[in-house]
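> Provided below are the primary sequence and the corresponding predicted coordinates.
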There are 2 protein chains.
Amino acid sequence: MTTTATDGPTLARLAALLADDTRARICLALLDGRAWAAGELARLAGVAPSTVSDHLTRLVRGGLLVEQRQGRHRYVRLAGPSVAQLIEDLAGHAPARPRPVRSLRAARADAALAYARTCYDHLAGRLGVLLRDTMLDRGLLDGADGLALTPAGLGWLDGLGVPVAPLRAGRRPLMRDCLDWTERRPHLAGALGAALCDRFFEVGWLTRGGGRAVRLTPAGGPALAAALGLAPADLAPAAAPETGGGRA
Amino acid sequence: MTTTATDGPTLARLAALLADDTRARICLALLDGRAWAAGELARLAGVAPSTVSDHLTRLVRGGLLVEQRQGRHRYVRLAGPSVAQLIEDLAGHAPARPRPVRSLRAARADAALAYARTCYDHLAGRLGVLLRDTMLDRGLLDGADGLALTPAGLGWLDGLGVPVAPLRAGRRPLMRDCLDWTERRPHLAGALGAALCDRFFEVGWLTRGGGRAVRLTPAGGPALAAALGLAPADLAPAAAPETGGGRA
DNA sequence: GCGACGCTTCGGTGGGCACCGGAACGTGCC
DNA sequence: GGCACGTTCCGGTGCCCACCGAAGCGTCGC
């Protein structure tokens, strides 16, 4: 007979994978859900390629990452949504530190990230929280006893071109609250959260900024506002100075 | 490019708290939701009291534990349900490696733990998973779109002496799926999960075994089975796996 | 083919930290 | 008051591991 009770050393070994500055930086970068090459991660983390190579091997062996060799590149990504959730949960428990502003450029990047970003495969940041809140307000979701989809919500999703039936098929929960580590309030995760985010990109309402940051497109802002029954101004990035040309 | 809001070092420092064998053992022990004295934890972990004292200071300062001084004792417990959830989630991601059976005594303890235990403040193990499954089967819960309480469920809880209204008041979610690390399937957590567990102890259906383990009392077995509309045998601890379990 | 590039392997080095024992401090008990 | 006990502070020791540079290997581009 065998048992699977998790003992101290086992737990410690797993936690140790995230207990290093460089590995933590790598995992946070991978939260965008995309595959990164080893060299990119080395540059991002500011360490030698050989160091990153070692880290990636450990993270893959530990089950947090999966790799995909392609020619002379080694691409890695998070092993799945549950790993992303785990890292987000950890980040949510980290002490909320006062933010030292290092530069205007850094402040802009932080503001963009706080406004909207992907959290592995769904939408996070102020926009992500607003989406969940509004869906609750409009009666598309019912939050009285856990998250439940209302008939109105079903129709709303259908109108957006997001069929729900296939989402129920998989093992993944349809909806899940994911604690947003900038807002400290939940946004919508799970299969539906991912599908909605996908769809917004597909119809061109959202576009990727640098890294995990996400922006509403000129057409997407009013369209999303209309879909949610909000004024376009309600979706405005709060105090974000939108400089003219910056469409890089 | 700049680092994100929760940066690498911050995440790493938090993870490092759990990345030590002794601290991990301590946290797993505290998953029973009770307060432990420093000396007890030292004996449990097999290290000197001075070592544990150091660890506790770090865990408390890191926000994972809270302490309560009482005379010459220093009691610590997990800082809250979210910390318990975090540790359980981590344990759920640990590689499921079969552990060799060390002794008959250890095997018995493992079996008891796998059958029923507390997961911080709610019920876990085979019994916890069975409880959630049966509540779904009997239509007490609706799991189609997230976990939702049905009218039938409301009445059932009322009959058990578990009033739901007060549970809705708090900030804590009423229901939440918590991945069981022995069953690898969800059991019922959240305010309701805790209240049910409390009630089962209160009416004497459950009693604490050693540590986190929990046992059905002679009266509790039939009573719980009846409440769930099951045969008493369905709750038997040594449920023989029908197929597929059989890797010796 | 050749060179550039991305990645890996391998010693070596340095820093961080888990651990201990012993002394000191406070508390509870007699 | 005196003693036992639980805990804490402190210095010291040893281990683990993140990091690097250099060399080696496979891949891509010309």
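In hand now; what should we look at?

> Quick check, residue A:139 in contact with residue A:150.
Yes - Residue A:139 lies in contact with residue A:150 (C-beta atoms under 8 Å); the separation is 5.7 Å. No exception for glycine: its C-beta is placed from N, CA and C like everyone else's.

> contacting residues around the residue nearest the centre of chain A?
By C-alpha atoms, centre = their mean, chain A has its centre lying nearest to residue A:119, at 0.4 Å. With contact set as C-beta atoms under 8 Å, 6 or more residues apart in numbering or on different chains, residue A:119 has these partners: A:31, A:84, A:88, A:128, A:178, A:180, A:187, A:189.

> what about the fourth one, helix or strand, and which?
Secondary structure assigned from DSSP states H and E places residue A:128 in helix A:126-137.

> buried sites along the lowest-mean-pLDDT helix or strand in chain A?
The weakest-scoring helix or strand in chain A, judged by mean pLDDT, DSSP states H and E, is helix A:104-115 (a mean of 76). Neighbour counts over helix A:104-115 (16 or more other C-beta atoms under 10 Å in any protein chain shown) mark A:108, A:109, A:110, A:112, A:113, A:114, A:115 as buried.

> still on that earlier bit, which of residue A:139 and residue A:150 has more neighbours?
The residue with more neighbours, out of residue A:139 and residue A:150, is residue A:150; 16 against 12, by other C-beta atoms under 10 Å in any protein chain shown.

> so how far is residue A:143 from the more buried one?
10 Å (C-beta to C-beta, to the nearest Å).

> And for residue A:57?
Taking C-beta to C-beta, one finds residue A:57 at 43 Å from residue A:143.

> Flag the shaky bits of chain A, pLDDT-wise.
Scanning chain A for pLDDT under 70 picks out A:1-5, A:96-106, A:144-146, A:170-171, A:184, A:210-211, A:238-248.

> count of neighbours near the closest residue to DNA strand D within chain A?
Relative to DNA strand D, the nearest point of chain A is residue A:71 (2.3 Å; C-beta to the nearest atom of the strand). Using other C-beta under 10 Å, residue A:71 has 5 neighbouring residues.

> Kindly report the same for the one 10 residues further on.
A count of nearby residues for residue A:81, using other C-beta under 10 Å, gives 22.

> go on, residue A:117?
When neighbours are counted by other C-beta under 10 Å, residue A:117 registers 26.

> Tell me which helix or strand residue A:14 sits in.
helix A:8-17.

> Return the list of helices and strands in contact with that helix.
For helix A:8-17, the elements it packs on are helix B:8-17, helix B:21-30, helix B:81-93, judged by 3 or more C-beta pairs under 8 Å, 6 or more residues apart in numbering or on different chains; DSSP states H and E.

> now with 10 Å?
Helix A:8-17 sits against helix A:21-30, helix A:49-61, helix B:8-17, helix B:21-30, helix B:81-93, with contacts defined as 3 or more C-beta pairs under 10 Å, 6 or more residues apart in numbering or on different chains; DSSP states H and E.

> would JSON lines of the ones you listed with distance to DNA strand C be doable?
JSON lines is the format used below for those (distance: least, C-beta to the nearest atom of the strand, whole Å):
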{"stretch": "helix A:21-30", "distance to DNA strand C": "10"}
{"stretch": "helix A:49-61", "distance to DNA strand C": "3"}
{"stretch": "helix B:8-17", "distance to DNA strand C": "6"}
{"stretch": "helix B:21-30", "distance to DNA strand C": "4"}
{"stretch": "helix B:81-93", "distance to DNA strand C": "17"}
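
> that older thread, and of the buried residues of helix A:104-115, the nearest to DNA strand C?
Among these, and counting by C-beta to the nearest atom of the strand, the member closest to DNA strand C is residue A:109, at 23.7 Å.

> Next one: residue A:139 from residue A:190, what distance?
In terms of C-beta to C-beta, residue A:139 sits 19 Å off from residue A:190.

> got it, and residue A:177?
Taking C-beta to C-beta, one finds residue A:177 at 9 Å from residue A:190.

> cool, and residue A:8?
Taken as C-beta to C-beta, the span from residue A:8 to residue A:190 is 31 Å.

> I'd assumed residue A:43 was in a helix, is it?
Yes - remark: residue A:43 belongs to a helix, assigned using DSSP: H, G, I helix; E, B strand; the rest coil.

> Count the neighbours of it for me.
12.

> next one: residue A:166
10.

> what's the spacing between it and residue A:80?
Counting by C-beta to C-beta, the gap from residue A:166 to residue A:80 is 18 Å.

> Would you mind pulling up the elements that whichever strand or helix holds residue A:66 packs against?
Using DSSP H and E, residue A:66 sits in strand A:65-70. Contact partners of strand A:65-70 among helices and strands, from 3+ C-beta pairs under 10 Å, 6+ apart: helix A:21-30, helix A:49-61, strand A:73-78.

> try 6 Å this time
Packing partners of strand A:65-70 (3 or more C-beta pairs under 6 Å, 6 or more residues apart in numbering or on different chains; DSSP states H and E): strand A:73-78.

> before we move on, back to that, just the angle between the least confident helix or strand of chain A and helix A:126-137, please?
Using axes from the mean of the first three to the mean of the last three C-alpha atoms, to 10 degrees, the direction of helix A:104-115 lies 20 degrees away from that of helix A:126-137.

> Give me every residue in chain A lying close to DNA strand C.
Within chain A, the positions adjacent to DNA strand C are A:37-39, A:42, A:49-50, A:52-54, A:56-57, A:72-74 by C-beta under 7 Å from any atom of the strand.
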